[in-house]
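Colleague: Sequence first, predicted coordinates after that:
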Amino acid sequence: MLKIALLGAGAVADAHIQAYLKFSDRARLVALVDLFPDKAQAKAAKYSLDARIFGSLQELLAWGQFDAASVCLPPFEHAPATIALLQAGKHVLTEKPMATCLQECDAMIDAARASGRVLSVVAQNRFKTPIMKLKRVLESGLVGRILHAQVDSFWWRGSRYYDLWWRGTWEKEGGGCTLNHAVHHIDLFQWLMGMPAELQAVTANLSHDNSEVEDFAAAILTYPDGRIGQITASLVHHGEEQQLVFQTQRAKVAVPWQVKASRQKDNGFPEDDPELGGQIQQLYDQLPALAHEGHDGQIGNFLDAIEGRAPLLVDGEQGRRTLELITAIYQAGHLGQRVTLPLSPESPFYTREGILRHARRFHQKTRSIDQFQTNEITFGRDLGR
């Protein structure tokens, strides 16, 4: 029985707790940690957990009676907490984003390698049946080569969203919607499409005056083989429609699931290709559903990897790759330049200090509260259907 500690009692902690409870024959939550211990106590009471409550990571490590930890802290705390846990010999699953900069990612990966412990980064949308099916369809060869891929990570947040003390600053949140909302869509994009050779981007703050960071970003990516990618991240889109669309040589396939196959008439204009469309749909329908989805699926894989039952599906290198793509978008958008990948340690946005020095502050943060009275959150509307 693996003993699990959970760091951070905010809203995303519920997804972790609920997932661990589904694997109660293999793992048990034994400790909750939060800067506000009453929040951790309330979370333990909500789920009837027999868990120790701590006010700091240092207190948890001094106690030490656990095997692995979920890190659900604000982004600026991911790297120091993860490294300390790994150095103490604990396995770690850290929430998105992996860290606030690539230098921190590299230090986390080095700590995992030195400790021999498992380091995983939350990318729960990879563990959804429609995403896995889409990947298999793209890999089947049935649709032909990808020509253009587009991700729309559309969210809506009101002005009070950024009143929480750590949000809306480069120092503590590490970025805006590109890093903290679109990260999951960008992760899927690079997992399915690969990393580009170069990109251009624009970032802006259109509607949130209590935030230094962006609430909108758009990027165009180019690949060595000529493919084009397009990423849009936003906190100003009412309805929060989200999609991942691949235009290939023979068809369009997308999540939420869509398939549209076309062929040309004698004059080059399109007509439907129902035979191909039917073949793609048949392949999609025949692919099996996942036994566990979302956080449940990822935490199941985390436990499997610790126990040696299965390989880890999202490791530190995978988490770093997603942050590298986001970092390149920031560098291009804030410096107004075309950016070539991979980024080197000489990149002006490689370190946290470099980001703080070069990133544009769209507004000054003037309002700050410790916590909201209500802690309900949404995870998006359409992705994964």
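Modeller: Right, received. Where do you want to start? Residues are numbered from 1 along each chain as shown.

Colleague: alpha carbons only for contacts and neighbour counts from here, please
Modeller: Will do.

Colleague: in the stretch 51-200 of the chain, which spans are strands?
Modeller: 52-54, 68-71, 91-94, 119-121, 146-154, 198-204 (DSSP state E, counting those that start in this stretch).

Colleague: Name the spans of this protein whose pLDDT lies under the cut-off.
Modeller: The model of the chain has pLDDT under 70 over residues 373, 375-385.

Colleague: Which residue ranges make up each domain of it?
Modeller: According to automatic domain parsing, the chain is divided into the following domains: 2-124+294-314, 126-289+321-358.

Colleague: Out of those, which is closest to residue 367?
Modeller: domain 126-289+321-358 (5.5 Å; C-alpha to C-alpha).

Colleague: Kindly check the end-to-end length of the closest one for me.
Modeller: 32 Å (C-alpha to C-alpha, to the nearest Å).

Colleague: Likewise for stretch 155-165?
Modeller: 21 Å.

Colleague: for stretch 252-270, same thing?
Modeller: End-to-end span of stretch 252-270 (C-alpha to C-alpha): 13 Å.

Colleague: same thing with stretch 234-242?
Modeller: With C-alpha to C-alpha, one end of stretch 234-242 sits 10 Å from the other.

Colleague: how far is it from where the chain is centred?
Modeller: 17 Å (C-alpha atoms, centre = their mean, to the nearest Å).

Colleague: and the gap between the closest residue to residue 227 other than its chain neighbours and residue 223?
Modeller: Take residue 227 and drop its neighbours on the chain: the residue closest to it by C-alpha to C-alpha, 6 or more residues apart in numbering is residue 147, 5.0 Å away. Counting by C-alpha to C-alpha, the gap from residue 147 to residue 223 is 10 Å.

Colleague: From residue 286, how far off is residue 22?
Modeller: 27 Å.

Colleague: Between those two, which is the more surrounded one?
Modeller: residue 22 (14 against 9; other C-alpha atoms under 10 Å).

Colleague: which residues touch the more buried one?
Modeller: Neighbour list for residue 22: residue 296 [criterion: C-alpha atoms under 8 Å, 6 or more residues apart in numbering].

Colleague: ok, back up a step: was I right to think the residue nearest to residue 227 contacts residue 250?
Modeller: No - using C-alpha atoms under 8 Å, residue 147 makes no contact with residue 250, being 9.9 Å away.

Colleague: The two - which one has more neighbours?
Modeller: Neighbour count, other C-alpha under 10 Å: between residue 147 and residue 250, residue 250 has more, with 20 against 15.

Colleague: can you pull out the helices in this protein?
Modeller: Assigned helices in the chain, in chain order: 13-22, 37-46, 57-63, 78-87, 102-115, 129-139, 177-180, 183-193, 274-286, 294-307, 316-335, 352-358 (criterion: DSSP state H).

Colleague: so how far is the second one from its chain's centroid?
Modeller: Right, the one you point to is helix 37-46. Counting by C-alpha atoms, centre = their mean, helix 37-46 comes out at 26 Å from the chain centroid.

Colleague: got a list of contacts for it?
Modeller: 8, 9, 10, 32, 33, 34, 50, 51, 53, 54, 55.

Colleague: Tell me how many other residues surround the second one.
Modeller: Neighbour count of residue 9, defined by other C-alpha under 10 Å: 25.

Colleague: Can you give me the distance of the nearest residue to residue 306 once chain neighbours are set aside to residue 13?
Modeller: Spatial nearest neighbour of residue 306, excluding adjacent residues (C-alpha to C-alpha, 6+ apart): residue 118 at 6.5 Å. As judged by C-alpha to C-alpha, residue 118 and residue 13 stand 20 Å apart.

Colleague: ok, back up a step: pretty sure residue 112 is one of the things the residue nearest to residue 306 touches, is it not?
Modeller: Yes - contact criterion C-alpha under 8 Å: residue 118 and residue 112 qualify, at 6.6 Å.

Colleague: Between those two, which has more neighbouring residues?
Modeller: residue 112 (25 against 22).

Colleague: and the more buried one, what does it touch?
Modeller: 83, 86, 118, 119.

Colleague: May I ask which two of these are separated the most?
Modeller: 83 and 118 (11.8 Å).

Colleague: distance between the ends of stretch 89-103?
Modeller: Stretch 89-103: ends 22 Å apart by C-alpha to C-alpha.

Colleague: quick one: contacts for the residue nearest the centre of the chain?
Modeller: Nearest residue to the geometric centre of the chain (C-alpha atoms, centre = their mean): residue 184, 3.3 Å. Contact analysis of residue 184 by C-alpha under 8 Å, 6+ apart lists 96, 123, 124, 125.
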